[in-house]
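**Q** Model the following, please.
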Amino acid sequence: MINKKITPRLAFFIVVGLVTMASMAKFVNTFIFRTNAAQSKVTADFAPATGTLGDSPFRIVLKPVSTAEKVSGVDVTLSIQNGTLTSWSPCKSIDEGTTPVIKPLVENIGATPRYSCVVLDKDVNLVSGLVVSGAVQCSGTAPVIISLDTVKSQVSGPVEGGLYAFNPVQNVTYTCTGAGATPTPVPSDISAEFEPTTCKGDKGSSCNYALTLKSNDGLKKISGYYVKVAFDKSILKGKAIASPASVKGLLAQVVAPTPPSAINNPPIVAPTATPIPGVLTPTVAVATPTPGSNDVTPGLIATPTVGLTATPALGTPTPTVVAGTPSPQPPKEATCSMVNTDVDNEKGIMTMLYVCDSASTDLKTSLTSTLTFDSIAEGEGTLTISEVQVVGPQALGGLYSVNKGTAKYIIGQGGGNVDVKLKLRMQGIVKKPSKRDSMQVRVGVGDGGLAEPVYKTVEFKSDDNGHFNGTASFNLPTRKDYKLLVKCEHCLQRKVCDKDAKEEEAASYSCDKGKVELKNGSNNFDLSGIVQLACDIPAGKQDGVCNSADFALVRNLLGKTDDDAIRKADLNFDGIVNAIDFSLMTAARINIADVK
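**A** Predicted coordinates for the structure are as follows:
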C-alpha cells in the first residue's frame, strides 16, 4: 500500500470543490427542483361569499398572498351550475387612487364563461390585485353554484411566463330572487329590449333582432346612446348593425309672433344633451379617442368602458331681443346618426354609438336598431347587453337609468318566430301540372331596418288551380315596413311591398319601399294577383338576368323529354321542352333582370 501525504495545496482544492458542490446543490434545489409548494400563490375570493343572487354582479378578487408581489394579468374560467353568466364587467385594480392601463382580451359568456385582461404598464406600475365581476342569471329553482377552474385559470406576475399558483378555492352558492325566478326589473327611465326574444333556426340560418331603447313613461327624449351587446362567438357570428333611420336636413320650425311680454324677457331654450365617448367616473371625465382607431373604446383607459356624458352640444343660445313683429328664423340643420359601430367576432361583442345633435323638441322617445347574426354552430345561448348608457335632456346627472333585456338563440332545432306563407302564380301554368307539381323557391325579406335581405329556400307544391304554395320561416322583429322577394328556380325575382299586390298586365306591378307587416306566428300572403315571370335558367345556375344564354338553352333542348332537359328548360312543367317554353321567355323579357 502506498501512502501519500495530503499537501496543503491539495487540501485547498478539496475544500473549494466541496463548497462549489454545496452551492450548486442549493441552486438546483431552489430554482430547478422548485415545487408548487414553494411557488408564489394567489387567493381567489368571491364576493359576496353567499346570499341571494339579485341584479348586482358577483366579484372575484385575485391577489397574491404576499403583499410585496404584483399582478400583470388574469385569465379566469368558471363553471356554473343551474345558471349562466350573461355579461362581464370591466376588469379593475384593487389599488385605490391609481389609474393603470387595463385591456380586456377575452369575454365569453354562458355556463363555462371565460374572461381575461392584462395590465399594459411597466413592472413598477403593476397592480396588487385585480377584480373580475359578472352578472349571473338563474336557469331554474335550484341554487346557483359557481366554481373557479384552477386548471384553466391563470394569474401572471411581473415576469413574462411567471404564473402564480392558486390557494385552495371554495365554491360559492347563491339563491335566486323569488326562489329561482328571474329578478324583478328595477324601475328605470329607459328599457332596452330585444325582439324577438328567442331566435330558433338551423346552422347556417340568420338571427335578426330589433334592439329598441324606449322611454318607460313615453316622455323622456333620447339624444344618444352607447350599447355593447355580448354573444357566444362559438354559436353566432355577428354580421351587421343597421341604425335607426338617420335624420339629416332642415327641420322646419314654426315661428309665431312674439307676445309683448316676451319682448323684453325672451325664453331661454335648454341645450340638448349630446353623448360624447368618455369614461364613467363620479366626475364624468371625458377621454380622448385613439387616433385612427375604429373601436368605439377611446384608447386604453383604466376602466375600459365607453361612457356617454351629457355635455351640451349646442350651448345655450343667446336670445335676441326684437321690437315689433320678429322676422322668421331660418330652419335649423339637425343630424341624428350612428357615428360608430363595431362587430368583434373574436370577443363575441357588438358595439354601437348613436348621436343626435338637434333641439330637444325634435328628439324621439324611442329608437330601434337591427342586429344581424349568422348561426355557425348548434347550441343555445343568451344575447345580453353588457354595457348601455343613454343620455337625454331630462336625464338626472346626465345619464338615464336603463333596464337591460336579453334574448335567446336556439340553433339546431329549426323553425323561426315568423312564418311567411305564400301562394304564387307561375307564368304559363293555369292548372296543376301533370308531370311535376313542386319546385324550390327562394323567399327573401328586406327593408324593415335590416342591413340587407335575408333568404330561405323552401319547397313549394302546386294545388289544383296551378298555384304554388309554401312556407318560409324567419327570425325577425315584428314590423310593418318589410318587403318580400320571391324567386323560383326558373323565374326572375319579383319584389312585393304590399299584402294584396295585384297587376292587370304581366310585370306591370312594381313598388319601392316595403309596407308588408310581419307578426309572430303565421303570416299569409296571396300573391296570385301577380305573375312569376319565366326565365333565368337553369336551376342552380341562375345569374339574375334574362338573356341570350337562357334562350339558347331552350333552343338547344327543343323536343327533349329526358329528366335532365325537363329540369333545365321545361318552364310550364308539361314534360317537354318546346315552343311554348320559348314563347314564355319571350313574353317575360319585359323584365330583363331580378327586381331587388
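
**Q** Which segments of this structure make up each domain?
**A** With domains defined by automatic domain parsing, the chain comprises 41-176, 188-249+271-283+306-313+334-416, 420-588.

**Q** Need the pLDDT of the closest residue to Leu120 other than its chain neighbours.
**A** The shortest distance from Leu120 to any residue other than its chain neighbours is 4.4 Å, reached at Val101 (CB to CB, 6 or more residues apart in numbering). In short, each C-beta sits where N, CA and C put it, glycine included. pLDDT recorded at Val101 is 84.

**Q** residues touching the closest residue in space to Val443 that isn't next to it in sequence, list them.
**A** Leaving aside its chain neighbours, Val443 sits nearest to Ala472 (4.0 Å; criterion: CB to CB, 6+ apart). Residues in contact with Ala472 (CB atoms under 8 Å, 6 or more residues apart in numbering) are 419-420, 422, 443, 456, 458.

**Q** about what we covered before: Lys596 versus the residue nearest to Leu120, what's the distance?
**A** For Val101, the distance to Lys596 equals 48 Å [CB to CB, to the nearest Å].

**Q** Looking at those two now, which is surrounded by more residues?
**A** Val101 (14 against 11; other CB atoms under 10 Å).

**Q** Quick check: that one touching Val119?
**A** Yes - between Val101 and Val119 there is a contact under CB atoms under 8 Å: 6.9 Å.

**Q** what's the neighbour count on Ala47?
**A** 13.

**Q** picking that back up, could you flag which of the contacts of Ala472 are buried?
**A** 419-420, 422, 443, 456 (16 or more other CB atoms under 10 Å).

**Q** what's the lowest-pLDDT member of these?
**A** Scoring the buried ones among the contacts of Ala472 by pLDDT puts Lys456 last, at 87.

**Q** so that residue makes contact with Phe474?
**A** Yes - using CB under 8 Å, Lys456 is in contact with Phe474, at 6.6 Å.

**Q** For burial, what's the neighbour tally of Gly398?
**A** Neighbour number of Gly398 under other CB under 10 Å is 17.

**Q** I'd say it and Gly392 touch.
**A** No - the criterion here is CB under 8 Å, and Gly398 misses it with Gly392 at 9.2 Å.

**Q** Spatially nearest residue to Gln170, not counting backbone neighbours?
**A** Nearest to Gln170 is Phe46, by CB to CB, 6+ apart, at 7.9 Å.

**Q** Distance of the one you found relative to Val131?
**A** 11 Å.

**Q** Common neighbours of those two, please.
**A** 59-60.

**Q** does Gly575 count as helix, strand or coil?
**A** coil (DSSP: H, G, I helix; E, B strand; the rest coil).

**Q** Now for it, how many residues are close by?
**A** With other CB under 10 Å as criterion, Gly575 counts 13.

**Q** ok, it to Lys435 distance?
**A** 4 Å.

**Q** anything in contact with each of those two?
**A** Ile566.

**Q** Now for this structure, the helix or strand with the poorest mean pLDDT.
**A** Within the chain, no helix or strand scores below strand 247-251, which has a mean of 33 by mean pLDDT, DSSP states H and E.

**Q** what's near enough to touch the residue nearest the centre of the chain?
**A** Centroid check for the chain by CA atoms, centre = their mean gives Met350 as the closest residue, at 4.2 Å. Going by CB under 8 Å, 6+ apart, Met350 touches 228-229, 231, 238, 241, 341-344, 371.

**Q** Narrow those to those in strands?
**A** Mapping these onto strands (DSSP state E) picks out 228-229, 238, 241, 341-344, 371.

**Q** helices and strands around the helix or strand containing Val458, which ones?
**A** Using DSSP states H and E, the element containing Val458 is strand 454-462. Packed against strand 454-462 by the contact rule (3 or more CB pairs under 8 Å, 6 or more residues apart in numbering; DSSP states H and E) you find strand 438-447, strand 467-474.

**Q** Kindly recompute the last result at 10 Å.
**A** Secondary-structure packing of strand 454-462 (3 or more CB pairs under 10 Å, 6 or more residues apart in numbering; DSSP states H and E): strand 206-215, strand 418-426, strand 438-447, strand 467-474, strand 479-488.
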